[in-house]
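A.B. asks: Sequence plus the predicted model coming up.
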Amino acid sequence: MIVALTSLVLLMNLFKTTPLTDAITTSPLAHRIKQSNLVQKLMGTSPSARPTLDTKAEGMPDLTTAEAKVLKDFPHLASSYRLTHKVLKSGEEWDEIRAVHSDRDGITASTDYLMQDQNISENLALAHFRHLDYLKRVLTLKDNPAEDFAYEKVASILNYEPQNFANLSEAQKQLLFGDKIDLIYVLQAYSPAVLQRILEQSENKRLPKLVKYAEENRQFLQLVDL
């Protein structure tokens, strides 16, 4: 118990904290409990069911089969997951946590994944959640040398709109909007001035609506099962 608490304190010292820290960083699935309301409000439609998770992968008790595959395909996500979920960390591993979450290649890889039209699929929802979890940790890392670079990448995600947006299914729109709202919550909590700047410079007419929606539904952050 003492070891676990010590590790938690060190982790909190490494990452920025606010009263919303646990809610924001613990689960990227948090607000999606009621995400269907977002699709209804913005698109006038009713959402489809969330995809079913695969069974647990052998030898990885905390992961689904699908999630284990995501971590295998993206080494920076695997490193982030392994390091942040390990209770007892060495000094080298604390340094590695900082390196992994300030790595521009990793930030770019996650950003590019979330901005590829072919990846907007409910079947890839777990991949989206894991990439978002990584980017949240990037944005909340204290004194991150890649902070400005990360803000630029997040701005591109918030402004991103698929070329075939009009043809997206309800589930695809739900996934797209949910990705953006996850990031909006983080910026609202930690970097509101950055979010305001992104809004002022954005030409995406849907973005202000998403930000307003997020502000009106901040109670979603209290629905995380800690």
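C.D. replies: The structure has been received and is ready for your questions. Numbers count the residues shown, from 1 in each chain.
A.B. asks: Pull up the gap between Pro208 and Leu195, please.
C.D. replies: Per Cβ to Cβ, to the nearest Å, Pro208 is found 11 Å from Leu195. For glycine as for every other residue, the C-beta is placed from the backbone atoms N, C-alpha and C.
A.B. asks: out of these two, which sits in the busier spot?
C.D. replies: Taking neighbours as other Cβ atoms under 10 Å, Pro208 and Leu195 compare with Leu195 leading, 24 against 11.
A.B. asks: pretty sure Leu139 contacts Ile184?
C.D. replies: No: counting by Cβ atoms under 8 Å, Ile184 is not a contact partner of Leu139; they are 11.3 Å apart.
A.B. asks: Neighbour count: these two, which is higher?
C.D. replies: When Leu139 and Ile184 are compared for neighbours, Leu139 comes out ahead with 26 against 22, by other Cβ under 10 Å.
A.B. asks: Low-confidence ranges, the chain, go.
C.D. replies: For the chain, the stretches flagged by pLDDT under 70 are 1-13, 17-63, 219-226.
A.B. asks: Tell me the helix or strand right after the lengthiest helix in it.
C.D. replies: Assignment by DSSP state H gives helix 170-190 as the longest helix of the chain. Next along the chain after helix 170-190, taking DSSP states H and E as the criterion, comes helix 192-201.
A.B. asks: then that following helix to CSV, C-alphas only?
C.D. replies: The C-alpha trace of helix 192-201 is given here as CSV (Å, rounded to 0.1, in the frame of the first residue of the first chain):
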residue,chain,number,x,y,z
PRO,A,192,-8.0,27.4,-21.4
ALA,A,193,-6.0,30.2,-23.1
VAL,A,194,-4.8,27.7,-25.7
LEU,A,195,-8.3,26.5,-26.3
GLN,A,196,-9.5,30.1,-26.7
ARG,A,197,-6.7,30.7,-29.2
ILE,A,198,-7.6,27.6,-31.2
LEU,A,199,-11.2,28.8,-31.3
GLU,A,200,-10.3,32.3,-32.5
GLN,A,201,-8.1,30.9,-35.3
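A.B. asks: what comes into contact with it?
C.D. replies: For helix 192-201, contacts defined as Cβ atoms under 8 Å, 6 or more residues apart in numbering pick out Tyr151, Val154, Ala155, Leu158, Asn159, Ile184, Leu187, Gln188, Leu207, Pro208, Val211.
A.B. asks: how much does it deviate in direction from helix 170-190?
C.D. replies: Angle, helix 192-201 to helix 170-190, by axes from the mean of the first three to the mean of the last three Cα atoms, to 10 degrees: 130 degrees.
A.B. asks: Which residues belonging to helix 192-201 are considered buried?
C.D. replies: Residues Val194, Leu195, Ile198, Leu199 are the ones in helix 192-201 that count as buried (16 or more other Cβ atoms under 10 Å).
A.B. asks: now the helices for this protein?
C.D. replies: 2-14, 21-26, 36-43, 65-73, 75-85, 91-100, 104-114, 125-140, 147-159, 170-190, 192-201, 207-216.
A.B. asks: how many degrees apart are the longest one and helix 147-159 in direction?
C.D. replies: It refers to helix 170-190. Interaxial angle of helix 170-190 relative to helix 147-159 (the same axes, to 10 degrees): 150 degrees.
A.B. asks: Sounds good, over and out.
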